[in-house]
Each structure stands twice: as C-alpha cells, then as structure tokens.
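In: pasting the sequence and the predicted coordinates here, then a few questions.
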Amino acid sequence: MYLKCRRRFKDGKEHRYFSIVESIRTRRGVIKRQVLYLGEINDSQEASWCKALEVFDKSDKTYRQLSIFTDDINPPDKVTNPIQIKLNEMRLERPREWGACWLALEMWHFLGLDNFWSKHLRPCRYWSNWLNVVISIVEYCFISSGSAWLLIRQWFKSSAMADLLGEDDSIALDDTLYRCLDLLHAPKKDLFSFLSERWKTLFNISYDVLLYDLTSTYFEADSKDNERLKKFGYSRDKRSDCVQVVIALIVTKEGFPVAYEVMPGNTQDRTTLPEFLKKIETVYGKLNRLWIMDRGIPTEESLKKMREHNADYLVGTPRGKLSKLEKQLLKEPWKKVQENVKVKLIREEKELYILTFSNGRRDKERSMRQRRLRNLYERLK
C-alpha cells in the first residue's frame, strides 16, 4: 500500500487530494484498489500518514520503511533497510467462506440461470465474461445482502467466489459491477417469463393469487442523472424534501416475484394498475386470478375492466363508500371465522363487502391512541 496524490487546479489554486491505494497483481495485469480516501490534507498530515504506512518492527518496537527482496537477489548498496525473503518457505493462510458460495452456485446451475444469461450477455471492450460478474452479484445478494461498497471492499475477498469461478479480484471492481448492472435491464421481460416457467416446473407455483403493492425510495444526493425518474412526490418515508422513484412489485402468495417496475417519483398509485394488468396477461395469459391490493391503488374504472376480464380482486373499501354501508352492516350478525377474528358480509350486485374485526388489530389501535394521548398529556403539563 502507498499514498497516492491527485492534483487539481481550481479557481487558480492547486489542490492535492490523497488516498491510500494497494496494488493487486491479476492475470490481466496490476490493478489499483482504493483502500481509504483521505481528501485534501496538509503537509504535516501527509507526513503522519506516510509514517503510519511504514513497517512496525516488533524487535525494537520502532517504525521504519523496509525494502523487500527475494533470497536469490542481492539488494543494491543504495537501498536502506533491505529484507530478503525465502519464497520457498512462505505459506499463505487466508480463511474464506466456501460452503455457502458453493451451495448458492449449485442452486444457480440447478435453476438454469447460466443458460439464460449466457444468451443475453455479450462480450464487449470492457469485459469478456459478464456471466461470472452476474453470478457474483446474485450470490452476494443471496448470501450476504448489503451495499455494493461491502461487496467490493470486503465480501468478495473473504469468500471463495474467485476460486469457484476461476476469476481474480478484477471481477469485483466497482466500474465492472456497475457496467454489468446496466446490462441486466434489457432482458427483464424475458427473465420473468423464464423464471415463471421454472418456478411452475420446480415448485408447482400457481399465479391464481397475486399481491400488488407500491413503495418509494428517495435520494439525498443532488444529482442530475435520471431526471426522468427522480421526481418530487408523495413520500412514504416522510422525506418530501428529497426526489424519489416509485417501485411497483407483484408477488405470488408464496412470495415469488412476478413483475416489477421503476417509475417516476410523482407517479400516482391509481394510474399504475392498468399497465400491470396488460403485462401480466401478456406473460401469464388471461386466467382467472385474485388480485390483492391496497384501497388507494385501483379506481372504479380499473375495477370495472378487471370484472370484464373475469379477474377477482380483494381491495380495501374507500372510507366514503364504507359510511354508506354502515346501516346495512349494523343489521348483520357477526360470524366467527377464526379464534380472534369475526366478520360481517354484505352482497351488493356483484360485489361482496367484508367487515373484519380482529382482537389483535383492536389492541394495536388502542395502544396507538393511548400513546398519542400520553404525548398530548405530557405537552399539557
């Protein structure tokens, strides 16, 4: 490792930015990996970091800069503090996670994902074997899901993925991983068709019940990238000051994802359902299936279209319409369906309205009201 300086001229003044870099030898040559970014430091700080990178001698408990040579090479006279190493007596011991990586790789081959991605990933001037990069990303998310920074700096070096794939550390560089992610978007439709067929064959998954919901994620960075998607909108994270994107996801009752879409941050929930209905019919056919959604997603027009296509749905009734049914619901008796759950049923034309009472939900809402009352009481004091 060594201290690397990058110079930049800004506003007529020279700025120096430092970082600690390590050299790694691979089959494709020597690559430089940034270990720590120090930013702009002064001369005294630079000297202290250089001293910190020196070797600590346990014999006399001092720091000194050493030059390393093999035992068959005589060090030059001008080199100070040389050390000769016997390479034939050196032993490298590095514990790595192997079992989980091997099992995840076996599951990858069992699902046939290597055959699918090998047809959709083509070599380019940046990389020749994108398949191994995709495998590394997927296995990392499966074994130890986390940030891309953790994958690059820690997980790949402490795992056996390089040995299992016959690769080296160059496969886990940040620019390689991000370029690979750009290639995964194009075959998204074919991927879901492939997975649906595999899941149906291996796990007997049916698509008669689908759960549909939306979420959002925000960006704190003030970036100009993807301005088409980054918009201000209703924030589920209570961060209306940040731009965001909306993510829609459809899963089966077993939890298998069926389709997803990333949409602009100002997308309204009720405008997303018609597009997904067409997408699901295109991929999985026009079959009778039950859709489960929140009350804010469907509109009366979209529900009408679903009835025309013989698609059943279970959605929350709007509060305005629920108040109109109050008198009818009061007349109906409660029916016990589980130990702590009872319901009332009202049929109106082709719609079946279900009023549910749950002891667990009652206790939860009571605790929420009591917590708010306690807070108000503390403020009054």
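Out: That came through fine.
In: alpha carbons only for contacts and neighbour counts from here, please
Out: Noted.
In: what about the biggest helix by length in the chain, average pLDDT?
Out: If you go by DSSP state H, the chain has its longest helix at helix 359-380. Taken as a whole, helix 359-380 has an average pLDDT of 94.
In: tell me the spacing between Ile20 and Gly39.
Out: 10 Å (Cα to Cα, to the nearest Å).
In: same deal with Arg25?
Out: Applying Cα to Cα to Arg25 and Gly39 gives a distance of 26 Å.
In: could you do Leu229 as well?
Out: Counting by Cα to Cα, the separation of Leu229 from Gly39 is 32 Å.
In: strands of the stretch 1-150 of the chain, start to end?
Out: Secondary structure of the stretch 1-150 of the chain, counting by DSSP state E, counting those that start in this stretch: strands at 2-10, 13-26, 29-40, 55-57, 62-64, 67-70, 82-85.
In: dihedrals phi and psi, Tyr260?
Out: Main-chain torsions, Tyr260, degrees, to the nearest 10: phi -150, psi 160.
In: ok, and the closest non-adjacent residue to it?
Out: Closest residue to Tyr260 apart from its sequence neighbours, by Cα to Cα, 6 or more residues apart in numbering: Leu249 at 4.4 Å.
In: tell me the contacts of the one you found?
Out: Contacts for Leu249 (Cα atoms under 8 Å, 6 or more residues apart in numbering) come out as 212-214, 257-261.
In: again with Ser23
Out: 1, 30-33.
In: so what pLDDT did it get?
Out: Looking at Ser23, the pLDDT reads 76.
In: ok, it to Gly166 distance?
Out: 20 Å.
In: could you give the number of residues near the closest residue to Val30 other than its chain neighbours?
Out: The spatial neighbour of Val30 that comes closest, neighbours along the chain excluded (Cα to Cα, 6+ apart), is Ile24 at 5.6 Å. Counted with other Cα atoms under 10 Å, the neighbours of Ile24 add up to 14.
In: could you identify the helix or strand that succeeds the one helix or strand Leu164 maps to?
Out: Secondary structure assigned from DSSP states H and E places Leu164 in helix 161-165. Counting by DSSP H and E, the element after helix 161-165 in chain order, helix or strand, is helix 174-183.
In: can I get the CA coordinates of the helix or strand that comes right after that next one in CSV?
Out: Using DSSP H and E, the next helix or strand after helix 174-183 towards the C-terminus is helix 188-203. C-alpha atoms of helix 188-203 as CSV (Å, rounded to 0.1, in the frame of the first residue of the first chain):
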residue,chain,number,x,y,z
LYS,A,188,-36.1,-8.1,-17.9
LYS,A,189,-39.2,-9.3,-19.7
ASP,A,190,-37.6,-12.5,-20.9
LEU,A,191,-36.2,-13.1,-17.4
PHE,A,192,-39.6,-13.1,-15.8
SER,A,193,-41.0,-15.4,-18.4
PHE,A,194,-38.1,-17.8,-17.9
LEU,A,195,-38.4,-17.7,-14.1
SER,A,196,-42.2,-18.2,-14.2
GLU,A,197,-41.8,-21.3,-16.2
ARG,A,198,-39.0,-22.6,-13.9
TRP,A,199,-41.0,-21.9,-10.8
LYS,A,200,-44.0,-23.6,-12.2
THR,A,201,-42.0,-26.7,-13.1
LEU,A,202,-39.9,-26.9,-9.9
PHE,A,203,-42.2,-25.6,-7.2
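In: list the buried residues of helix 188-203.
Out: Neighbour counts using 16 or more other Cα atoms under 10 Å place 191-192, 195-196, 198 of helix 188-203 among the buried residues.
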